[in-house]
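Visitor: Sequence below, structure please.
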Amino acid sequence: MNKKLPVNIAGLLMVFAILTMPLIITHVATLTSCALLLLCIVSFYMVGASLLVPVNISSTLLPLSHTTISVFIGALVTSMLLFITQSVFVMVIVMLLFILLLLLVFRKHIELSLLPGKPGTVLYGIVLLIILLLASGDLSKQLTVVQPGTNCYSIDSYYFTSLVTSLRHGSIFNASFEVGTPINYQILGFFIPSYLAVVLNISSHQALWGLAYPFYQFLALLLCYELCYFFLKDKVSRTNYVFILMAVGLPILMAPLHPLYLAKGVVKNFIFNGLGYLVPAGTITYPVTIVVLLFTFLLFSRIDWISRRITADKVFFSLGLGLMVIGKIPLFLGAVIFMGVIVLKRVITGKERFMNYFWYFLSAFVFAGILFKICMGQASGGRNYFEFGYLTQLFGGWFGRSNKGLVNTLIIMALMPFTYLLWMGIRILGLLMLIKSKNHRLRELFIGMAFTLWGASILAAFLHMQIMGNDGRLLMDNTFNIDQFIRSAFYIMTIAATIGLLNLMYGQHLKPRLLTGLYLAIGLWCTLTLTSLIYAARQHKKDCGPIAWYDENYRLLKAGKCNDGLIVVNPTTQYFGSMLASCDYGRYWSAIDAKSYNLSIKNEYRWNLFQEMLVNPAEKQLVQMKNEGVKYLIATPVEAAKIAEISTLFPQHLHKMKDATWVYELE
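Guide: As a prediction, this is how the structure comes out:
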């Protein structure tokens, strides 16, 4: 074996520190848990780094970045053990065998180093500070074992926690929040925290929000720097620490102006509401998919596509591109358009062979299709169709147009570029520098980005997504989520614009006066964004209403008093999220309504049965629940009186649990 397996001790310890921090802060770190976490990280690294040896990516990345991406890849692979066993003992033995086997295989080819190098140390410190800034408003949510002030947070937080709980049981077809139904969600980001939750014996909530989420953000920013350096390495050195600061700071500090709020004169929101368009902001699915996007595009950019030889980096490119489909579908589509347009540009103007790319993109689509079918192909009643109107609904009032009609939609689309100019903000300068650059690889970034934004706008103008019941009736119009395609395009734009701005600073040999003015302009914009981030963090700390209902039921579930049967709870938006936060301690028969997540025929049937019981109670409904394994019914304050009435009507089937306020038992 000619290629080396690089092992950087300091890099491993840095990753260990990132993942250990929440355990220490929340006082659940023990010698055993820290030892197990270190074992996980080392085994993850050995698996991931050995897979990357043929790619020889270590020659491109800093030791810290190589270590972290190897841990990420190895963790994804190792987490598949969950679908074989959930025994911690077996997992530990397998991880030790991984390490032993790989050490034996690479014993003569290990390239051991101790320090990460000064650039790696500076990069680590800067990124860590940014991650703490991003988490400043969510520390209580991310770094606690349970969720304080539970009903203050969005439903997504609970739902994502419940996905980790579901996966840690080793199945994507038996969701903890609704036993017997598939998860049907983009689950890439949930494998790693599920595995860590099992091995470390911590809550799903903490494994996801305390360990995995900041790790994904950390890695995304590392790869932002690596991608910027790759494109500008002939103009800047690794030891340029201002470049490091700009490369990881600009993606998160170039907040766009939100045009709708600007038009309405709502000053405090015109930039604050653009924070979701920054890299790597967004819910858990975005940062993890951005990680895969950045790594895949880094491979795409360094591959020798002229050579027709099949190489490991080309295989990894295909796998990475396909993997994005279960990370975030809009970002997957954006990445396909982005890199696909670059390929077409190379074929048309560079006279490269189309077939040199074709088979790898085809393999990515096949892989994506298989993953999609396995992980998301179990839903019922999905209906997607094209029809004019979505963008006109969103922007029609601003432009003075009606909300219907093909003509109005086309007019709105023609006016959208002017809206995008506001949305881009200072990133316009970076994009203009890509056009002006004499480097054809940099110009490719602009062409790919422009067509990605155009394609996302087409989808946002015409695509509608609806979820239908098994009787054909509309359960939910999911078209409002179309804006995620535009958001994904803006993530790609942010990365391209960052490279363009850095090229302007370091590759254009500007006069000192112009360079000073540029730094002042960027500094002013970034200061405004930083102020917005701090403001948003302060606004996030809401006053929570009484949570006695949640606290009492959580304690009951954690004590194991309801873990010998399925639980049904009225799936109203106000309360079902609180129960999902308790999924580690109970499994649910019905916890989601017909206008929320994870619709299926089984879900719709259960929802209708429960609602029928509330409206027109009968013995058959309780009998049906019991036949399906339901043993406990948790009432919420919304329907407490109705449930009490039902227990009076049918005492032989339903009675209140002893020493409990809200829990009823089915007998």
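
Visitor: For the spatially most central residue of the chain, give its distance to residue 326.
Guide: Nearest to the geometric centre of the chain sits residue 285, at 1.5 Å (CA atoms, centre = their mean). Using CB to CB, to the nearest Å, residue 285 is found at 9 Å from residue 326. All C-beta atoms are positioned from the backbone trio N, CA, C, and that covers glycine.

Visitor: so what sits against both of these two?
Guide: Residues touching both residue 285 and residue 326 (CB atoms under 8 Å, 6 or more residues apart in numbering): 186, 188.

Visitor: Please name the nearest non-neighbouring residue to the residue nearest to the centre of the chain.
Guide: residue 328 (4.7 Å; CB to CB, 6 or more residues apart in numbering).

Visitor: What of residue 489?
Guide: residue 456 (4.0 Å).

Visitor: how about the strands in the chain?
Guide: For the chain, applying DSSP state E gives strands covering 5-8, 110-113, 382-386, 463-468, 474-477, 566-569, 588-590, 630-634, 654-656, 663-666.

Visitor: which residues are contacting the third one?
Guide: This means strand 382-386. 462-468.

Visitor: returning to what we had before: thought the residue nearest to residue 489 was touching residue 334?
Guide: Yes. Assessed by CB atoms under 8 Å, residue 456 is found in contact with residue 334 at 6.4 Å.

Visitor: just for the stretch 301-450 of the chain, where's the confidence low?
Guide: Within the stretch 301-450 of the chain, the stretches with pLDDT under 70 are 378-382, 389-404.

Visitor: likewise the stretch 1-150 of the chain?
Guide: 1-2, 136-150.

Visitor: repeat for the stretch 501-650 of the chain
Guide: For the stretch 501-650 of the chain, applying pLDDT under 70 flags the ranges 533, 535-547, 570-579, 591-601.

Visitor: switch to 80 and redo it
Guide: The stretch 501-650 of the chain contains residues with pLDDT under 80 at 507-511, 528-551, 570-582, 590-604.

Visitor: what about the helices in it?
Guide: Remark: helices assigned in the stretch 501-650 of the chain by DSSP state H, counting those that start in this stretch are 512-540, 548-558, 573-580, 601-615, 619-627, 640-649.

Visitor: what's the burial count for residue 72?
Guide: 23 (other CB atoms under 10 Å).

Visitor: In contact with it, which residues are there?
Guide: Neighbour list for residue 72: 44, 48, 192, 215, 219, 291 [criterion: CB under 8 Å, 6+ apart].

Visitor: Would you mind measuring from the closest residue to residue 208 other than its chain neighbours to residue 487?
Guide: Counting by CB to CB, 6+ apart, the nearest residue to residue 208 once its immediate chain neighbours are dropped is residue 193, at 4.2 Å. As judged by CB to CB, residue 193 and residue 487 stand 23 Å apart.

Visitor: Neighbour count: those two, which is higher?
Guide: Using other CB under 10 Å, the more surrounded residue of residue 193 and residue 487 is residue 193, with 31 against 19.

Visitor: related to what we said a few turns ago, isn't the residue nearest to residue 208 up against residue 207?
Guide: Yes. Under the criterion of CB under 8 Å, residue 193 makes contact with residue 207 at 4.0 Å.

Visitor: so what sits against both of the two?
Guide: residue 164.

Visitor: Would you map out the domains in this structure?
Guide: Listed by automatic domain parsing, the domain ranges of the chain are 5-228, 284-375, 548-666.

Visitor: so who does the residue nearest to residue 489 touch?
Guide: Residues in contact with residue 456 (CB under 8 Å, 6+ apart) are 330, 333-334, 337, 485-486, 488-489.

Visitor: what's the burial count for the closest residue to residue 428 other than its chain neighbours?
Guide: Excluding its sequence neighbours, the residue lying closest to residue 428 (CB to CB, 6+ apart) is residue 421, at 6.5 Å. By other CB under 10 Å, 12 other residues sit near residue 421.

Visitor: for residue 413, same thing?
Guide: Residue 413: 19 surrounding residues under other CB under 10 Å.

Visitor: May I see the buried residues of stretch 8-22?
Guide: 8, 10-12, 14-16, 18-22 (16 or more other CB atoms under 10 Å).

Visitor: got those as JSON lines, with distance to residue 73 columns?
Guide: Shown next, in JSON lines, are these (distance: CB to CB, whole Å):
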{"residue": "8", "distance to residue 73": "16"}
{"residue": "10", "distance to residue 73": "20"}
{"residue": "11", "distance to residue 73": "14"}
{"residue": "12", "distance to residue 73": "15"}
{"residue": "14", "distance to residue 73": "17"}
{"residue": "15", "distance to residue 73": "13"}
{"residue": "16", "distance to residue 73": "17"}
{"residue": "18", "distance to residue 73": "16"}
{"residue": "19", "distance to residue 73": "16"}
{"residue": "20", "distance to residue 73": "21"}
{"residue": "21", "distance to residue 73": "22"}
{"residue": "22", "distance to residue 73": "22"}
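
Visitor: List the contacts of residue 208.
Guide: Residue 208 makes contact with 160-161, 164, 190, 193, 197, 284 under the criterion CB under 8 Å, 6+ apart.

Visitor: From these, pick the one nearest residue 229.
Guide: Among the contacts of residue 208, residue 284 lies closest to residue 229 (CB to CB), at 27.0 Å.

Visitor: Next one: that closest one from residue 328, what distance?
Guide: 10 Å.

Visitor: Equivalent analysis for residue 501, please.
Guide: Counting by CB to CB, the gap from residue 501 to residue 328 is 25 Å.

Visitor: same question, residue 424
Guide: For residue 424, the distance to residue 328 - CB to CB - is 21 Å.

Visitor: Kindly report the same for residue 659.
Guide: According to CB to CB, residue 659 and residue 328 sit 45 Å apart.

Visitor: same deal with residue 315?
Guide: From residue 315 to residue 328 the distance is 23 Å (CB to CB).

Visitor: Count the neighbours of residue 118 for me.
Guide: Using other CB under 10 Å, the number of residues around residue 118 comes to 11.

Visitor: give the contact list for it.
Guide: Contacts for residue 118 (CB under 8 Å, 6+ apart) come out as residue 239.

Visitor: and what of residue 198?
Guide: 82, 86, 88, 91, 168 are the contacts of residue 198 under CB under 8 Å, 6+ apart.

Visitor: Helices - which of the residues you listed land there?
Guide: 88, 91 (DSSP state H).

Visitor: can you tell me which of the contacts of residue 198 lies nearest to residue 297?
Guide: residue 82 (29.1 Å).

Visitor: Nearest residue to that closest one in space, please, no chain neighbours.
Guide: residue 170 (4.8 Å).

Visitor: what about the one you found, neighbour count?
Guide: Neighbour tally, residue 170, other CB under 10 Å: 16.

Visitor: what's the pLDDT at it?
Guide: As predicted, residue 170 sits at a pLDDT of 89.

Visitor: That one touches residue 90, doesn't it?
Guide: No. With contacts counted by CB under 8 Å, residue 170 stays clear of residue 90, the gap being 12.0 Å.

Visitor: Out of the buried residues of stretch 8-22, list just those in helices.
Guide: Judged by DSSP H, the buried residues of stretch 8-22 include 10-12, 14-16, 18-22 as members of helices.

Visitor: so can I have JSON lines of those showing distance to residue 410?
Guide: Output for those, formatted as JSON lines (distance: CB to CB, whole Å):
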{"residue": "10", "distance to residue 410": "57"}
{"residue": "11", "distance to residue 410": "53"}
{"residue": "12", "distance to residue 410": "55"}
{"residue": "14", "distance to residue 410": "52"}
{"residue": "15", "distance to residue 410": "50"}
{"residue": "16", "distance to residue 410": "55"}
{"residue": "18", "distance to residue 410": "49"}
{"residue": "19", "distance to residue 410": "50"}
{"residue": "20", "distance to residue 410": "55"}
{"residue": "21", "distance to residue 410": "52"}
{"residue": "22", "distance to residue 410": "50"}
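
Visitor: closest to residue 353 among those?
Guide: Relative to residue 353, and with distances defined as CB to CB, the nearest of those is residue 11, at 38.5 Å.
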